[in-house]
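Engineer: Predicted model and sequence below, questions to follow.
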Amino acid sequence: MTRIVIIGGGPAGYEAALVAAQLGAQVTVIERDGIGGASVLTDCVPSKTLIAAAGAMTSVHDSAVLGVHGAEPAAVGLDLAAVNQRVKGLAVAQSADIHSRLIAEGVRIVAGQGRLTDDVRGLAAHRVQVLDTDGGVAEELEGDVVLIATGADPRVLPGAEPDHERILDWRDVYELVAMPEHLVVVGSGVTGAEFASGYLEAGVPVTLVSSRDRVLPGEDSDAAEVLEEVFQSRGGRLERGRAAAVRRSEKGVVVELTDGRAVEGSHALMTVGTVPNTGGLNLENCGVELTEAGHVVVDRVSRTSVPGVYAAGDVTGVFQLASVAAMQGRIAMWHALGEAVTPIKLKTVAANVFTHPEIATVGVQEQSLPEYTDVDVVRLPLATNARAKMSDLRDGFVKLFARRSTGVIMGGVVVAPGASELILPIALAVTKGLTVADLAQTFAIYPSLSGSITEAGRRLMGADHLA
Ligand SMILES: Cc1cc2nc3c(=O)[nH]c(=O)nc-3n(C[C@H](O)[C@H](O)[C@H](O)COP(=O)(O)OP(=O)(O)OC[C@H]3O[C@@H](n4cnc5c(N)ncnc54)[C@H](O)[C@@H]3O)c2cc1C
Ligand SMILES: NC(=O)c1ccc[n+]([C@@H]2O[C@H](COP(=O)([O-])OP(=O)(O)OC[C@H]3O[C@@H](n4cnc5c(N)ncnc54)[C@H](O)[C@@H]3O)[C@@H](O)[C@H]2O)c1
């Protein structure tokens, strides 16, 4: 029986464990905090639960225009302590569900800190130590295959170290029992944009410090523009600048910018990126190649530079999404256990930014358009969609990229409330190589927001350059 040792029990680790157990391997997962990983316990699941509560506030506020009375902002509020209690309870419950599923599938779970301890390179089996909380060796394991799935932690900006009371990272916010009087979010990547949007929806005055020309530098620029407009129209403040340091003041915090300006608030939330959890794993001594930033170098079937050692998820820095982590983990096990496997296809990954409105993307995006010579683009504003009008949705659009010569759909963007659900037909089209005609000839419900997606397909049919 093949012995698999997995270090880290997040989506990369637990999904790999499920596949390996299904294929009859003997599987051990070493996890230091809790099964489900940061994804379930502190990052993805908690933030989306908080955002769901904040989004409900927006729905209530925005209902006035539909004729609903009694929804004035002053009359509606969030009980943050109750929301955070719910967030933490839900995360723990989700972790317990995954834990039970692993046990039911015959996976052994060991609590502790794992580290690779191969003292000779090139052996067929690898050695892994489990350290207890005091750093003592609690157990030594041998695995024919080892999967490194240790995730990533918040990056700490020197001079802005979280004190976990007023200067926070995103894992601290669920301990807040009262709404911040004024939250300064530092960093406008996906994490910063989501928290800034979420707390603003929850009724907190928010300033977002963005070191780039626009928020969400990695996303579609039209989408980022819509987000900035909506954020500011709802009272959010955007401050262009780079944080040099954050310090406590009498009233709260001061964020000092590199150009000498300062932004004051009651709390600062640091969202300046992540660092991979490779420290203490002894990887380099065992011959596992790391990038300069500390990520484990992997190929498209999750192999590292050491035969029999695989890596998956945020620790690889490939595409920091729970869905990608899980797929990398499964692929590693299929490959290691001799199943037919398709290398990961990053161009088919769908991603969503859970702001208001949401931004969902898949496939080729505007940044990579210069690489292609024959791409047609259509952008349909939601404002003209009948269903959007009924709900008074004015901000957002559907964008489609298709190959001019063949009509094959290469990518898309949806900016709308619920974009995370709406992107699926475009993701399916990109994955399966469907054409704009396929999309155009699909019946969409009338009236529906998805009608704008099939309409975008029809618009691009008109651009048939072979006709
Ligand atoms: C605020 C936030 C929101 C996010 N929202 C989304 C979202 O909505 N959708 C999405 O797809 N992605 C989201 N992500 C990204 C997503 O959380 C990550 O891509 C995902 O968690 C990666 O999974 P992983 O298994 O690689 O790592 P993790 O989930 O980080 O799990 C790794 C686990 O390994 C453990 N570990 C580390 N070192 C050791 C060791 N030496 N021994 C034993 N255990 C160890 C850690 O304790 C952790 O439990 C979000 C990220 C952040 C920061
Ligand atoms: N919905 C989701 O799927 C979701 C949600 C959150 C995070 N994630 C993923 O997690 C990963 C990490 O995202 P992230 O947003 O935490 O990190 P990031 O690295 O993507 O963004 C950090 C931002 O902080 C800025 N920054 C750095 N130093 C700064 C300073 N001194 N002052 C001001 N700004 C500064 C950077 O320019 C950057 O824009 C990403 O891959 C992201 O896609 C996904």
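Structural biologist: Yep, that arrived. Numbering: from 1, shown residues only. Ligands and ions are numbered 1, 2, ... in the order given.
Engineer: and A332, how many neighbours?
Structural biologist: Around A332 there are 33 other residues, counting by other C-beta atoms under 10 Å. Heads up, the C-betas are built off the backbone N, CA and C, glycines and all.
Engineer: Packing partners of the helix or strand R458 falls within?
Structural biologist: Counting by DSSP states H and E, the element that carries R458 is helix 451-461. If you count contacts as 3 or more C-beta pairs under 8 Å, 6 or more residues apart in numbering; DSSP states H and E, helix 451-461 packs onto strand 375-381, helix 386-390, strand 397-403, strand 409-416, helix 436-440.
Engineer: Who are the packing partners of the fourth one?
Structural biologist: Contacting strand 409-416 under the criterion 3+ C-beta pairs under 8 Å, 6+ apart are the following elements: helix 221-233, strand 358-363, strand 397-403, helix 424-432, helix 436-440, helix 451-461.
Engineer: repeat that with 7 Å
Structural biologist: helix 221-233, strand 358-363, strand 397-403, helix 424-432 (3 or more C-beta pairs under 7 Å, 6 or more residues apart in numbering; DSSP states H and E).
Engineer: who's in contact with the shortest one?
Structural biologist: Spelled out, that is strand 358-363. For strand 358-363, contacts defined as C-beta atoms under 7 Å, 6 or more residues apart in numbering pick out 219-220, 223, 227, 347-348, 350-353, 401, 410-420, 422-423, 426-427, 430.
Engineer: how about the strands in the stretch 251-400 of the chain?
Structural biologist: Secondary structure of the stretch 251-400 of the chain by DSSP state E, counting those that start in this stretch: the strands cover 253-257, 262-265, 267-270, 274-276, 309-311, 350-353, 358-363, 375-381, 397-403.
Engineer: Export those to JSON lines and append columns for mean neighbour count, distance to A124 and mean pLDDT.
Structural biologist: Below are the strands of the stretch 251-400 of the chain laid out as JSON lines (neighbours: other C-beta atoms under 10 Å; distance: least, C-beta to C-beta, whole Å; pLDDT from 0 to 100):
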{"stretch": "strand 253-257", "mean neighbour count": "21", "distance to A124": "53", "mean pLDDT": "98"}
{"stretch": "strand 262-265", "mean neighbour count": "19", "distance to A124": "56", "mean pLDDT": "98"}
{"stretch": "strand 267-270", "mean neighbour count": "27", "distance to A124": "44", "mean pLDDT": "98"}
{"stretch": "strand 274-276", "mean neighbour count": "20", "distance to A124": "27", "mean pLDDT": "98"}
{"stretch": "strand 309-311", "mean neighbour count": "29", "distance to A124": "12", "mean pLDDT": "98"}
{"stretch": "strand 350-353", "mean neighbour count": "22", "distance to A124": "38", "mean pLDDT": "98"}
{"stretch": "strand 358-363", "mean neighbour count": "25", "distance to A124": "41", "mean pLDDT": "98"}
{"stretch": "strand 375-381", "mean neighbour count": "17", "distance to A124": "48", "mean pLDDT": "96"}
{"stretch": "strand 397-403", "mean neighbour count": "25", "distance to A124": "47", "mean pLDDT": "97"}
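Engineer: Please tabulate those in TSV, including the columns distance to ligand 2.
Structural biologist: What follows is those, written out as TSV (distance: least, C-beta to the nearest ligand atom, whole Å):
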stretch	distance to ligand 2
strand 253-257	8
strand 262-265	11
strand 267-270	9
strand 274-276	5
strand 309-311	16
strand 350-353	5
strand 358-363	9
strand 375-381	22
strand 397-403	19
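Engineer: In JSON lines: the helices and strands packed on strand 409-416, plus distance to R242.
Structural biologist: Listed next are the helices and strands packed on strand 409-416 as JSON lines, based on distance: least, C-beta to C-beta, whole Å:
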{"stretch": "helix 221-233", "distance to R242": "18"}
{"stretch": "strand 358-363", "distance to R242": "24"}
{"stretch": "strand 397-403", "distance to R242": "30"}
{"stretch": "helix 424-432", "distance to R242": "35"}
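Engineer: how about the ones you listed, which one is nearest ligand 1?
Structural biologist: strand 358-363 (10.3 Å; C-beta to the nearest ligand atom).
Engineer: starting at the chain centroid, how far to the closest one?
Structural biologist: Relative to its parent chain, strand 358-363 has a centroid offset of 12 Å by C-alpha atoms, centre = their mean, to the nearest Å.
Engineer: Run me through the strand neighbours of that strand, direction for each.
Structural biologist: Strand 358-363 has the following sheet partners, assigned by DSSP bridges: strand 350-353 (antiparallel), strand 409-416 (antiparallel).
Engineer: and the angle for it with helix 221-233?
Structural biologist: Using axes from the mean of the first three to the mean of the last three C-alpha atoms, to 10 degrees, the direction of strand 358-363 lies 170 degrees away from that of helix 221-233.
Engineer: Just confirm yes or no for strand 358-363 near ligand 1.
Structural biologist: No: figure legend: strand 358-363 not in contact with ligand 1 (C-beta under 6 Å from any ligand atom); closest approach 10.3 Å.
Engineer: Lovely, talk soon.
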